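Visitor: Kindly return the folded structure for what I paste below:
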Amino acid sequence: FVRAAPPLAATGGEALRTAPLVVAAVQADVALTDKWDKARIDSTKIPYETLTVAAAGRGAELAVWAETAIPAYVRHDPETLRWTRGVIRKAGIPLYTGFPDAVRDPGGEVLTFNSSGLFTADGLLQDRYAKHHLLPIGEAMPFTRWLPVLAQVNVGQAEWTPGPPPEPIVLVTDGGAFPFSGMICFESVFGHLARDAVRRGSRCLMVITNDGWFGESAGPRQHAAMARLRAVECGVPVVRSANNGISLVGDDRGRVLGELGLGRRGTVQAAVAPGRADTLYVRWGSWPLAALAVLWSAFVLGRGSRRGKERR
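Guide: Residues are numbered from 1 along each chain as shown. The predicted model follows:
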């Protein structure tokens with residue numbers, strides 16, 4: 001196959017970077033009971049700042065924080081925004097991180113999002129991505145489009161607003177453009193979301209999540225394995241930052257370059273090059289497998305029918 005170059009729109013007109021980029025996935029291991037407690041905000045701020053600055057000192061060119069790593073509506077919270085920019089400027093490298101976000105629509109209604117964004121090395125918020133595929137019940141009540149009355153049911157869901165599908169976010173470096181797409185939490189289990197992002201020009205998947213709700217169960221391990229599968233399917237590297245683990249960096253063949261297990265605090269740092277993005281799955285999607293399944297089913301049914309007639 002011939003390597004497919006991303007469209008110019010996906011790289012902002014910049015040439016695609018070919019040299020590997022050193023990325024640090026930060027795993028702060030903040031207790032869920034502390035994360036949203038303002039009196040314990042230092043339990044979030046101190047590890048993220050310390051680990052990020054240390055990673056930059058070891059040569060990291062981009063830091064990645066977990067889903068809602070910043071536990072505040074950072075664009076509307078001057079104090080938190082100052083702190084975030086201070087960490088970035090101290091480290092001297094760009095940051096891709098999760099945070100809640102909110103906007104007011106033309107009708108005056110406030111819409112909230114499980115969001116993320118890329119901050120440049122000087123602390124400017126360059127681009128954002130809000131979670132597109134929300135977790136049913138946990139983040140939004142399903143079927144409200146057809147049954148509006150369900151919106152009145154409150155079982156503690158966050159009621160986020162879905163954002164548009166993942167589009168490439170372009171990190172501009174001295175070596176060229178590094179287009180990547182954010183995937184928040186369980187979005188990484190959906191192959192079509194990753195494929196669509198890559199077909200739009202993404203050359204790396206940045207998965208940010210908070211799997212702390214699963215504890216020491218198989219959940220975080222299965223979730224991390226699915227992120228690696230997306231890398232194999234799409235032929236692009238994957239960087240996964242999880243609040244309590246598992247964080248990892250993998251190449252475009254799904255091989256783990258570095259990993260940090262559950263309940264540990266630290267960073268996973270490795271160099272990743274923009275992916276090939278030329279796999280059969282990127283080109284054709286799932287339809288060849290579906291066609292094969294139909295043909296195989298027809299063969300099995302036909303063979304079974306012939307055997308039935310022979311027995312008569």
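Visitor: Not counting residues beside it along the chain, what's closest to Gly250?
Guide: Leaving aside its sequence neighbours, Gly250 sits nearest to Val238 (Cβ to Cβ, 6 or more residues apart in numbering; 4.8 Å). Heads up, the C-betas are built off the backbone N, CA and C, glycines and all.
Visitor: Can you name the residues bridging to the one you found?
Guide: For Val238, the beta-bridge partners under DSSP bridges are Leu205, Gly250.
Visitor: Please apply the same query to the one 4 residues further on.
Guide: Under DSSP bridges, the beta-bridge partners of Ala242 are Thr209.
Visitor: how about the helices in the stretch 51-200 of the chain?
Guide: For the stretch 51-200 of the chain, the helices defined by DSSP state H, counting those that start in this stretch cover 78-91, 191-199.
Visitor: Nearest to Leu135, out of those helices?
Guide: helix 191-199 (13.6 Å; Cβ to Cβ).
Visitor: elements contacting that closest one?
Guide: Judged by 3 or more Cβ pairs under 8 Å, 6 or more residues apart in numbering; DSSP states H and E, helix 191-199 is in contact with strand 176-184, strand 205-209, helix 219-234, helix 280-284.
Visitor: Quick check: mean pLDDT of it?
Guide: Helix 191-199 carries an average pLDDT of 91.
Visitor: can you state the direction angle for that helix and strand 176-184?
Guide: 160 degrees (axes from the mean of the first three to the mean of the last three Cα atoms, to 10 degrees).
Visitor: one step back: contact partners for the residue nearest to Gly250?
Guide: By Cβ atoms under 8 Å, 6 or more residues apart in numbering, the contact set of Val238 is 204-207, 227-228, 230-231, 248-250, 254.
Visitor: how long is stretch 117-125 end to end?
Guide: Start-to-end span of stretch 117-125 (Cα to Cα, to the nearest Å) is 7 Å.
Visitor: Hmm, I typed the wrong one, I wanted stretch 267-283.
Guide: 34 Å.
Visitor: ditto for stretch 57-74
Guide: 26 Å.
Visitor: For that stretch, which residues meet the burial criterion?
Guide: 60-74 (16 or more other Cβ atoms under 10 Å).
Visitor: Give the rounded mean pLDDT of it.
Guide: Stretch 57-74 comes out at a mean pLDDT of 95.
Visitor: quick one: it to chain centroid distance?
Guide: From the chain centre to the centre of stretch 57-74 is a distance of 13 Å (Cα atoms, centre = their mean, to the nearest Å).
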